[in-house]
Structures are given as structure tokens and as C-alpha cells.
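In: Okay, here's the prediction I keep looking at, along with the sequence it came from:
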Amino acid sequence: MTYVVTDNCIKCKYMDCIEVCPVDCFYEGENMLVIHPDECIDCGVCEPECPADAIKPDTEPGLDKWLQVNTEYAEKWPNITAKKEPPADAKTFDGEAGKFEKYFSAEPGEGD
């Protein structure tokens, strides 16, 4: 099992999860984070820290797509180990449906 970041992170990109991760397995895209499944130790401390409820265990039904997205982009995006400020309009997008299709960006973030 691993944890995955799902679509509610898109355009919210809160980074509370990064501060508690003991193995630094988060990677930063332009408008979301992902977890590297081979680095995640399944401790679960990140899940309750996410204000957008975007982190889920990959054992939940229907998360195969998100496991693929996290796996693919953790290989392409830079590692991030320090919390940054979320986008100023993050609350506007929190909970919006269809965020992957509307807003997902494959571009990398800045990382550390």
C-alpha cells in the first residue's frame, strides 16, 4: 500500500503534508503535489494533515488512475521537502469537481 494525492490537490496545493512526511516522498508540479509510491512508507501521517482531503490510501476503490498519475509525475517533478504558501485562491478551488480535466498541468513546480 501507498498513499496517493488525488485531484482535490489541483489548484489548492496546500503543503501541510510535506512538513510531516518522514521520508520526503512528495514531488511538486506546477499546481499540485504527488507522492512517489516507491518512497512512501505507508505511515499515513500526511493524510489527516491535508486541508483539502486530497491524500488517500491507494487501497480505496477507484484510485488506480491516481496511483498512475502519482507514479508518473514523481519521476518527472522535483522533490519538495519544505512547506511553501498555497496559492492565494486555493480556497476557491477546494472541492470543485472535474479539476483534473479542467486544470491539471504536467509542468514541474520549483521543488526545493
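Out: Sure, I can see it.

In: And the strands in the protein?
Out: Here the chain has its strands, by DSSP state E, at 3-5, 26-28, 33-35, 55-57.

In: Of all these, which one is nearest Lys13?
Out: Evaluated over the strands of the chain, closeness to Lys13 peaks at strand 33-35, with 6.4 Å, by Cβ to Cβ. Yep, even glycine has a C-beta here, placed from its N, CA and C like the rest.

In: mind putting the strands of the chain in TSV, distance to Glu75 included?
Out: TSV is the format used below for these (distance: least, Cβ to Cβ, whole Å):
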stretch	distance to Glu75
strand 3-5	14
strand 26-28	8
strand 33-35	10
strand 55-57	19
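
In: Helices of the chain, residue ranges please.
Out: 16-20, 64-74, 90-93, 99-103 (DSSP state H).

In: Minimum distance to Ile80: which of the ones you listed has it?
Out: helix 16-20 (5.9 Å).

In: what does the closest one contact?
Out: Phe26, Leu33, Val45, Cys46, Glu49, Cys50, Pro51, Ile55, Ile80, Thr81, Ala82, Lys83 (Cβ atoms under 8 Å, 6 or more residues apart in numbering).
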